[in-house]
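>>> here is a sequence with its predicted model. Questions after.
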Amino acid sequence: MGCSGFCKGYSKVKYMRRRWRRTTVRGGGCHRVKVQMKMRKLQRLIPGGNGLNPDRLFLRTAEHILHLRFQLNVLQALSDIYN
């Protein structure tokens, strides 16, 4: 039975993950670009999020989530009243 390069206790998936991490950590660019893209998406999602620093954006995101939860609770209460 041959080894095919995965004898060190790693499955092929784990091996590929480790390899991917090494390449992204070394270059730094790929990971940074992905984070920047996610930040831009979040800025578009959150009202007033354009141009905010990451720390302010995360605070605004948390506030927006709380606001949405409040709206959901109000709508559920209204639904319970009128149903």
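Cool, the structure landed.
>>> from here on, contacts and neighbour counts on C-alpha atoms
Fine.
>>> let me know the pLDDT of Ile46.
Note on Ile46: pLDDT of 97.
>>> now for it, how many residues are close by?
By the criterion of other Cα atoms under 10 Å, Ile46 has 17 neighbours.
>>> burial measure for the residue lying closest to it once chain neighbours are set aside, as a count.
Distance criterion Cα to Cα, 6 or more residues apart in numbering; nearest residue to Ile46, sequence neighbours excluded, is Thr61 at 6.3 Å. If you count neighbours by other Cα under 10 Å, Thr61 ends up with 19.
>>> which parts of the helix or strand hosting Thr61 are buried?
Per DSSP states H and E, Thr61 falls inside helix 54-82. Neighbour-count burial for helix 54-82, counted by 16 or more other Cα atoms under 10 Å, picks out Leu57, Phe58, Arg60, Thr61.
>>> got a markdown table for the residues you listed, with distance to Ala77 and pLDDT too?
Listed next are the buried residues of helix 54-82 as a markdown table, based on distance: Cα to Cα, whole Å; pLDDT from 0 to 100:
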| residue | distance to Ala77 | pLDDT |
| --- | --- | --- |
| Leu57 | 30 | 97 |
| Phe58 | 29 | 97 |
| Arg60 | 26 | 97 |
| Thr61 | 24 | 98 |
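>>> from those residues, which is closest to Val74?
Proximity of the buried residues of helix 54-82 to Val74 was ranked by Cα to Cα; the top entry is Thr61 with 20.0 Å.
>>> His31: how many residues sit nearby?
15.
>>> rewinding a little: in CSV, list the buried residues of helix 54-82 along with distance to Val74.
Listed next are these as CSV, based on distance: Cα to Cα, whole Å:
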residue, distance to Val74
Leu57, 26
Phe58, 24
Arg60, 21
Thr61, 20
